[in-house]
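Novice: based on what follows, work out the 3D shape:
(chains A and B)
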Amino acid sequence: MSQSPRWFAVRQALTKKQVTTLTLLSFFLPILLWSLVSYVPFLWHPKVEIVESGSITWLKPGMLVDQEVFAEQQRLATEQESALPQGTGANPIYLPAPHEVAIAFYAAFATEPTRSSEQWLHESLWHSIQIIFWGFTLSSLIGVPLGVLCGTYVAISRLHEPFIEFFRYLPAPAFGALAVAILGIHDGPKIAIIFIGTFFQQVLIIANTTRKLDVALVEAALTLGAKKFQLLFRVVIPGILPDLYRDQRILLGWAWTYLIVAELIGTSSGITWFITQQARYKNFDNVYAAIIMIGIIGVVSDILLAKLGKRLFPWEKEQVKA
Amino acid sequence: MTTIELPSYLDKSEAVSARFEKLKQREVILEVKHLGKQFNSQQGPVTALKDINFKTHRREFVCVIGPSGCGKSTLIRILAGLESPSSGEVLLDNKPVFEPGPDRGMVFQGYTLFPWLSVKENVMFGLQMQGATKATAESEALNWIELVGLERFADAYPHQLSGGMKQRVAIARALANKPRILLMDEPFGALDAQTRSKMQANLIEIWRNIDITVLFITHDLDEAIYLADRILVLKANPGEVEELIEVSVPRPRHSGQIISPEFLATKKRLEELIHPPSEEDEADGLHMIRMAHVGDDVEVME
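Specialist: Purely as a prediction, here's the structure:
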C-alpha cells in the first residue's frame, strides 16, 4: 500500500510531482494576487477613471481622480441638478493590470522606438549585459586568484584582507562621481561601479571558500610528496573548484543588483535608461515589463550555469534538490 | 564460571623467541629517540608525548595502542612530518626527518582521497608529484589497484565507493610511492565490523607480498594482536611507552587464532595495561536503578 505524499515532514524530500506543483505555485500565486487586485473592482481600486464628464467640464474621459474627489463632484452636480459625471473604479497608474504588462512586454520587443535616437529594448538589454560582463570579468580576473591566494597563504591573507574588510563597507555608488571624473561619462564608470561592488566581496568569499577545503587533503598530498606550487595547483585549486563556481554564480547575481545604480552614473544607458524614460512618460506597463525582463535573464542564466556546473564537476555528490 | 588458566604472555616457545631474535637483527628502518611533544593550551603547557624510544625493523609490523588521549595520533603525525617534535628526533634509515615526504606513506582514518580524481588518478598522484610521466604513473598505478583488488573501479570517483574500498585506494595510493614505511592512523576505525576484519586480512596479505614496514595505530586490542609483530603500548598523561609487547601468536595469522591461548594471554596483558583497575573507575560506575515495572516477568539470573 502506498502512502499518500506528505507535505510537511521536517527536512524530508518531496516527490517530483510535489516539487513541480510548488514551483509552479510560487509563480502562480503572486500573479493570482496581482490579477485579483487588478480585475476585481471592489478589492482595492482607490481611483475613478472618468468615462463621461457630464456637467463637470474639467473632468476629461480617461482621467484618473481620487474617489473622494469624484464623490464631491457628483454631489455638486446633483445639487445643481445638472448631468452627472460617470466613471469606473480603477487602480493607480503605477499598478497596471497583468494583461497590460504582457502587451507592453511584447510591444517593447516588436515596436520600433518612436525617436530614431532611442534604442530598442533588446539593444538596451544587450548594453546592460555587456556592462555586467565586463565589470564581473575584470573583478574575477583579479578577485578569484587573490581570494584563492588569501585562503591558501596566511601571509597573503593578513596583508590584504584587513584593508579589503574595510573597503567592502564603502558603498560602491559612493564612488560614482569619482569614477566619472577619472573614466569619463560613458561605459567606463559603470563598469567600475560593478567592479567595486563585486571585487571586495569576491576576494573575501573566495578566500573563505578556499579555507574550507579539508586540510587533511593537503596533508595527504604532503605525505605523497607534493611540494609548494604542486599543493596550490594540484590540490587546493581542484579541491575548491565546485564551491568556487557556486560562489561565482552568487556573485554574478550581486553584480546585477549594482547595475541600476551603475547605469545612472554619467550618461544614463541600457535597461536603466529605458526604465527611467518610460517612468517619465508614466508608461508603467513598460517599466514592469523591463523589470520582469531583468528577472528572467537572471533566473535563466543561473539555471544554465547550474546545469553547466553539473557537467563540469562530475565528482560532486548529487545535490539534494531544494 | 570457571576461569581458564592462561599462559603468561611472556611465555614463548623457542621458535617464537628465535623469530623475534631474527627480527631484531634486521636493518632498522625507523628509529625514534627521546621524542617529546608539548602543546600550549589555555590551561598552560600540556605534555602530549614524553621520552618515546623505539625502533622498527625492515618488514616489521608494529601496532601502537593506548587509551584515548595518550598522544598516539600526535606520534604518527610527527613520524609523518606533519608536526614537529618539541624534543628528540625521528630517524628514517638513520637520517633525521623534518618534513613530510614520499618515503613515509600515510593512511588516514578519514580516507582523504582527492574527490576530483578517479581511483586511478588518486593512485597516480604521488608518482606524478615525483616527476613520473603520465604513462608510467598510469601503468604502475594499475598494478597497485590490482593488488588491492579494485581494477573494476579504476575509473570510478571516490564518492561512488564504499568505506572499505576507499581505504583500499588510500593504501594503494600510499604504497605506489614505494615508501620505506607505511604509517596508518586508525585506518579501519570508521568501518563496520565485517568490513574491518576483511580489511585486516587484506592488509596482512599485502604486507606479506611486498617489502614494506608498517606502523599501525589502533585502539582495538584484537586488531593489534591480529596484525602486529610487536605492540607498542602507550599510557596517557603524559604519553609514554608503557611496554613493548612481542606478540607470540604464530604467523601466518588467521581469524581462528582469536581464541588461541597465546592470543588471549596477550589480550589479557593489554587489557591490564590499558584499563588498569583503579578506585577512580569504580567511582565512575553507573548507578543502576531498578525500575519497578521492568523485568517483572523476567527471571533474574544471579
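Novice: who are the contact partners of the residue lying closest to A:P173 once chain neighbours are set aside?
Specialist: Leaving aside its sequence neighbours, A:P173 sits nearest to A:V261 (CB to CB, 6 or more residues apart in numbering or on different chains; 4.6 Å). Where C-beta positions appear, they are placed from N, C-alpha and C, glycine not excepted. Counting by CB atoms under 8 Å, 6 or more residues apart in numbering or on different chains, A:V261 touches A:172-173, A:176, A:193.
Novice: same check on A:T209?
Specialist: For A:T209, the contact set (CB under 8 Å, 6+ apart) comprises A:147, A:151, A:240, A:243-244, A:247.
Novice: once you drop chain neighbours, what's closest to it?
Specialist: Closest residue in space to A:T209, ignoring its immediate chain neighbours: A:D243 at 4.8 Å, by CB to CB, 6+ apart.
Novice: assign the one you found to helix, strand or coil.
Specialist: Recorded secondary structure, A:D243: helix (DSSP: H, G, I helix; E, B strand; the rest coil).
Novice: all the helices of chain B, residue numbers only.
Specialist: B:14-25, B:72-80, B:119-129, B:134-147, B:163-176, B:193-209, B:221-227, B:261-274, B:279-284 (DSSP state H).
Novice: likewise for the stretch 101-250 of chain A?
Specialist: Assigned helices in the stretch 101-250 of chain A, in chain order: A:121-152, A:154-167, A:176-183, A:187-211, A:215-223, A:228-230, A:237-257 (criterion: DSSP state H, counting those that start in this stretch).
Novice: make JSON lines from these and add mean pLDDT to it.
Specialist: Below are these laid out as JSON lines (pLDDT from 0 to 100):
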{"stretch": "helix A:121-152", "mean pLDDT": "93"}
{"stretch": "helix A:154-167", "mean pLDDT": "95"}
{"stretch": "helix A:176-183", "mean pLDDT": "89"}
{"stretch": "helix A:187-211", "mean pLDDT": "94"}
{"stretch": "helix A:215-223", "mean pLDDT": "95"}
{"stretch": "helix A:228-230", "mean pLDDT": "91"}
{"stretch": "helix A:237-257", "mean pLDDT": "94"}
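Novice: mean neighbour count, these: which tops it?
Specialist: helix A:187-211 (a mean of 23; mean count of other CB atoms under 10 Å in any protein chain shown).
Novice: mind giving me the domain ranges of chain A?
Specialist: Segmentation of chain A into domains, based on automatic domain parsing, reads A:1-40, A:47-90, A:110-312.
Novice: and the residue of chain A positioned farthest from its centre, how close does it get to A:V65?
Specialist: Distance from the C-alpha centroid of chain A peaks at A:E81, with 54.9 Å (CA atoms, centre = their mean). According to CB to CB, to the nearest Å, A:E81 and A:V65 sit 22 Å apart.
Novice: buried sites along stretch B:91-99?
Specialist: The neighbour-count check on stretch B:91-99 (16 or more other CB atoms under 10 Å in any protein chain shown) flags B:92, B:97 as buried.
Novice: for it, the distance to its chain's centre please.
Specialist: Its chain's average C-alpha position is 20 Å from that of stretch B:91-99, according to CA atoms, centre = their mean, to the nearest Å.
Novice: ok, now stretch B:87-103?
Specialist: 19 Å.
Novice: next one: stretch B:186-193
Specialist: Offset of stretch B:186-193 from its chain centre (CA atoms, centre = their mean): 11 Å.
Novice: cool, stretch A:75-83 as well?
Specialist: 51 Å.
Novice: let me see the mean pLDDT of it.
Specialist: Throughout stretch A:75-83, pLDDT has a mean value of 86.
Novice: what residues sit buried inside it?
Specialist: For stretch A:75-83, using 16+ other CB under 10 Å, the buried residues are A:A77.
Novice: repeat for stretch A:51-68
Specialist: Those would be A:53-54, A:56, A:59, A:63, A:65, for stretch A:51-68 by 16+ other CB under 10 Å.
Novice: just the ones of those residues in strands?
Specialist: Using DSSP state E, A:V65 are the members of the buried residues of stretch A:51-68 that sit in strands.
Novice: dump the buried residues of stretch A:51-68 to JSON lines, plus distance to chain B and pLDDT.
Specialist: Shown next, in JSON lines, are the buried residues of stretch A:51-68 (distance: CB to the nearest CB, whole Å; pLDDT from 0 to 100):
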{"residue": "A:S53", "distance to chain B": "74", "pLDDT": "82"}
{"residue": "A:G54", "distance to chain B": "77", "pLDDT": "81"}
{"residue": "A:I56", "distance to chain B": "76", "pLDDT": "82"}
{"residue": "A:L59", "distance to chain B": "72", "pLDDT": "83"}
{"residue": "A:M63", "distance to chain B": "66", "pLDDT": "86"}
{"residue": "A:V65", "distance to chain B": "67", "pLDDT": "87"}
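Novice: burial measure for the residue of the stretch 151-300 of chain B found nearest chain A, as a count.
Specialist: For the stretch 151-300 of chain B, the residue closest to chain A is B:Y157, as judged by CB to the nearest CB, at 4.4 Å. Residues lying near B:Y157 (other CB atoms under 10 Å in any protein chain shown) number 20.
Novice: state the pLDDT value of B:I289.
Specialist: Predicted confidence (pLDDT) for B:I289: 65.
Novice: shaky segments in the stretch 151-300 of chain B?
Specialist: Under the criterion pLDDT under 70, the flagged ranges of the stretch 151-300 of chain B are B:277-300.
Novice: near chain A, which residues of it?
Specialist: By CB under 8 Å from any CB of the partner chain, the part of the stretch 151-300 of chain B that sits against chain A consists of B:157-159, B:173-174, B:177, B:183.
Novice: out of these, which end up buried?
Specialist: Using 16+ other CB under 10 Å as the burial test, these include B:157-158, B:173-174, B:177, B:183 as buried.
Novice: could I get the residues you listed as TSV with distance to A:K47?
Specialist: Output for these, formatted as TSV (distance: CB to CB, whole Å):
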residue	distance to A:K47
B:Y157	63
B:P158	65
B:R173	74
B:A174	78
B:N177	80
B:L183	80
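Novice: roughly how far apart are the residue nearest to A:I131 when sequence neighbours are not counted and A:H45?
Specialist: Spatially, and ignoring its direct neighbours in sequence, A:I131 is nearest to A:K190 (5.0 Å; CB to CB, 6+ apart). Applying CB to CB, the value for A:K190 to A:H45 is 40 Å.
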